[in-house]
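**Student:** Quick one, structure for this:
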Amino acid sequence: MQTILVTGGAGFIGCNFVRLALSRTNYEVLVLDKLTYAGNRCSLESVVENPRFKFVEGDIGDRRCVEALYREHRPVWVVNFAAETHVDRSIDDPRPFVTTNIVGTSELLETSRQFWMGLDSQSQPAFRFLHVSTDEVYGTLGPHGLFKETTPYAPNSPYAASKAGSDHLVRAYYETYRLPVLITNCSNNYGPFQFPEKLIPLMLLNAVEGKALPIYGDGGNIRDWLHVEDHCRGILLVLQKGRPGESYNIGGRNERTNLEIVNRLCTCLEEKLPASQNRALQEKGIRAYESLKEFVADRPGHDRRYAIDAAKICNELGWEPQYDFDSGIAQTIEWYLHHGEWCRKVLAGKYGRERLGLKTEVER
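**Tutor:** Numbering: from 1, shown residues only. The predicted structure follows:
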């Protein structure tokens, strides 16, 4: 049986990709995850009984661990989701982002190259190393234009810079060694199993509990929103049909300001869980979710606008998003309202939904 090695497979996008790969392929899916605060076994509970699923707790930067997995499972595809991803945390302390996103990716690439070089002439052409990245590597856009695969990199946060560095390493392994790599750069993901430090799940949980909805700056920062299931379908398609050495942008064609997102969440919550029936709000004398909005100091170096041109993956590989924003956000809200236990498990002792990204220097 052929194997897909999925690093970071217990995280938000990774766990959704694991479920897709098990349902859409007949491959064994081997997850390697360090289980940091945002990686959780409970996100994979629905697949643990699948005989084609295997899990190993480990670090992509641990060469011995990864070499042992390669020897035993001999993966035909490697999908690297393993990364520190939250911009605010990278402002507070960039070091974990450099360690995982750059050094860890470097170690994984070199182990993959050594494994690939040892394959026979029939197996080598089938091998793929797909690196999952972000549109944040491109920096910020003005009021017009879209990020293309040819857009120069100009990262503005420590997180974005660490992902840009890993992208350059992956590309260099193709140019130097001809390792058959692929890179995908996505827009903002949303959907089930997202750790509640990110905008949509954070606002949802705060609203349901009658807590403040902090909006950075004037709320006018624009992001292109992509449902995680559409993203995962794109990744699988790139693995199956993408050209080695190429990058593919995956975007949702759903540009919204942060304020528009929060307003939409409030409107949808009013339909699904009216404020008049929400005990947490009633106990605090709150009559509407919108009254919870609170404008706060902006994030340092906050990029104003992201928007992706996904023409390449659409035209060359036939990808199209299946979710429009209305259906996607409705599904997401419904999921979080019915998975309170998952939220409690992943947050317990790890994150209290406090504001991050306010430090200007790292404590020594």
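
**Student:** which residues touch the spatially closest residue to residue 219 that is not a sequence neighbour?
**Tutor:** Leaving aside its sequence neighbours, residue 219 sits nearest to residue 259 (C-beta to C-beta, 6 or more residues apart in numbering; 3.0 Å). C-beta: built from backbone N, CA, C; applies to glycine. Contact criterion C-beta atoms under 8 Å, 6 or more residues apart in numbering gives 215, 218-220 as the residues in contact with residue 259.

**Student:** Okay, and residue 259 sits in which element?
**Tutor:** Remark: residue 259 resides in helix 258-272, with elements defined by DSSP states H and E.

**Student:** Could you do residue 16 as well?
**Tutor:** Under DSSP H and E, the secondary-structure element containing residue 16 is helix 12-24.

**Student:** And the helix holding residue 259, how far out from the chain middle?
**Tutor:** 22 Å (C-alpha atoms, centre = their mean, to the nearest Å).

**Student:** Show residues contacting the next helix-or-strand element following it.
**Tutor:** Once helix 258-272 ends, the next helix or strand along the chain (criterion: DSSP H and E) is helix 279-283. With C-beta under 8 Å, 6+ apart as the test, helix 279-283 has contacts from 208-210, 275-276, 287, 289.

**Student:** Start from the N-terminal end of the stretch 251-364 of the chain and give the strands.
**Tutor:** 255-257, 293-296 (DSSP state E, counting those that start in this stretch).

**Student:** Out of the ones you listed, flag the one nearest residue 346.
**Tutor:** Between residue 346 and the strands of the stretch 251-364 of the chain, the tightest spacing by C-beta to C-beta is seen for strand 293-296, at 24.2 Å.

**Student:** got any ranges where the stretch 51-200 of the chain has weak pLDDT?
**Tutor:** Within the stretch 51-200 of the chain, not a single segment meets pLDDT under 70.

**Student:** Can you flag the buried ones in the contacts of helix 279-283?
**Tutor:** In terms of neighbour count (16 or more other C-beta atoms under 10 Å), the buried residues within the contacts of helix 279-283 are 208, 210, 275, 289.

**Student:** ok, back up a step: residues of the helix holding residue 16 that come out buried?
**Tutor:** Along helix 12-24, the positions that meet the burial threshold by neighbour count (16+ other C-beta under 10 Å) are 12-22.

**Student:** For it, name the packing helices and strands.
**Tutor:** Using 3 or more C-beta pairs under 8 Å, 6 or more residues apart in numbering; DSSP states H and E as the contact criterion, the neighbours of helix 12-24 among helices and strands are strand 3-7, strand 28-33, helix 228-241.

**Student:** Could you provide the ones you listed in CSV, with additional columns for mean pLDDT, mean neighbour count and distance to residue 69?
**Tutor:** Rendered in CSV, the data for the helices and strands packed on helix 12-24 read as follows (pLDDT from 0 to 100; neighbours: other C-beta atoms under 10 Å; distance: least, C-beta to C-beta, whole Å):
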stretch, mean pLDDT, mean neighbour count, distance to residue 69
strand 3-7, 98, 26, 7
strand 28-33, 98, 25, 6
helix 228-241, 98, 21, 18
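
**Student:** picking that back up, tell me the one of the buried ones among the contacts of helix 279-283 nearest residue 81?
**Tutor:** Comparing these against residue 81 with C-beta to C-beta picks out residue 208 as the nearest, at 28.3 Å.

**Student:** Give me the pLDDT for that closest one.
**Tutor:** Confidence at residue 208, expressed as pLDDT, is 97.

**Student:** same thing with the one 4 residues further on?
**Tutor:** Per-residue pLDDT puts residue 212 at 97.

**Student:** which ones are touching it?
**Tutor:** If you count contacts by C-beta under 8 Å, 6+ apart, residue 212 has them with 206, 292-294.

**Student:** Just send the contacts of helix 279-283 back as JSON lines, with distance to residue 357 too.
**Tutor:** JSON lines is the format used below for these (distance: C-beta to C-beta, whole Å):
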{"residue": "208", "distance to residue 357": "23"}
{"residue": "209", "distance to residue 357": "22"}
{"residue": "210", "distance to residue 357": "24"}
{"residue": "275", "distance to residue 357": "29"}
{"residue": "276", "distance to residue 357": "35"}
{"residue": "287", "distance to residue 357": "31"}
{"residue": "289", "distance to residue 357": "24"}
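
**Student:** I'd like the contacts of residue 212 as a markdown table, with neighbour count and distance to residue 67 appended.
**Tutor:** Below are those laid out as a markdown table (neighbours: other C-beta atoms under 10 Å; distance: C-beta to C-beta, whole Å):
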| residue | neighbour count | distance to residue 67 |
| --- | --- | --- |
| 206 | 20 | 44 |
| 292 | 21 | 50 |
| 293 | 18 | 51 |
| 294 | 11 | 50 |
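
**Student:** and which of the residues you listed is nearest residue 305?
**Tutor:** Distance from residue 305 was checked for each of the contacts of residue 212 by C-beta to C-beta. The minimum falls on residue 293, at 21.1 Å.

**Student:** Number of residues surrounding the residue nearest to the closest one when sequence neighbours are not counted?
**Tutor:** Of all residues not flanking residue 293 in the chain, residue 213 sits nearest, at 4.9 Å (C-beta to C-beta, 6+ apart). In terms of burial, residue 213 registers 22 neighbours under the definition other C-beta atoms under 10 Å.

**Student:** excluding its backbone neighbours, what's nearest residue 146?
**Tutor:** Per C-beta to C-beta, 6+ apart, closest to residue 146 is residue 309, 3.8 Å.

**Student:** Against residue 221, how distant is the one you found?
**Tutor:** 19 Å (C-beta to C-beta, to the nearest Å).

**Student:** Quick check on these two: which one has the bigger neighbour count.
**Tutor:** Residue environment comparison for residue 309 versus residue 221 gives the larger neighbour count to residue 221, 21 against 18, counting by other C-beta under 10 Å.
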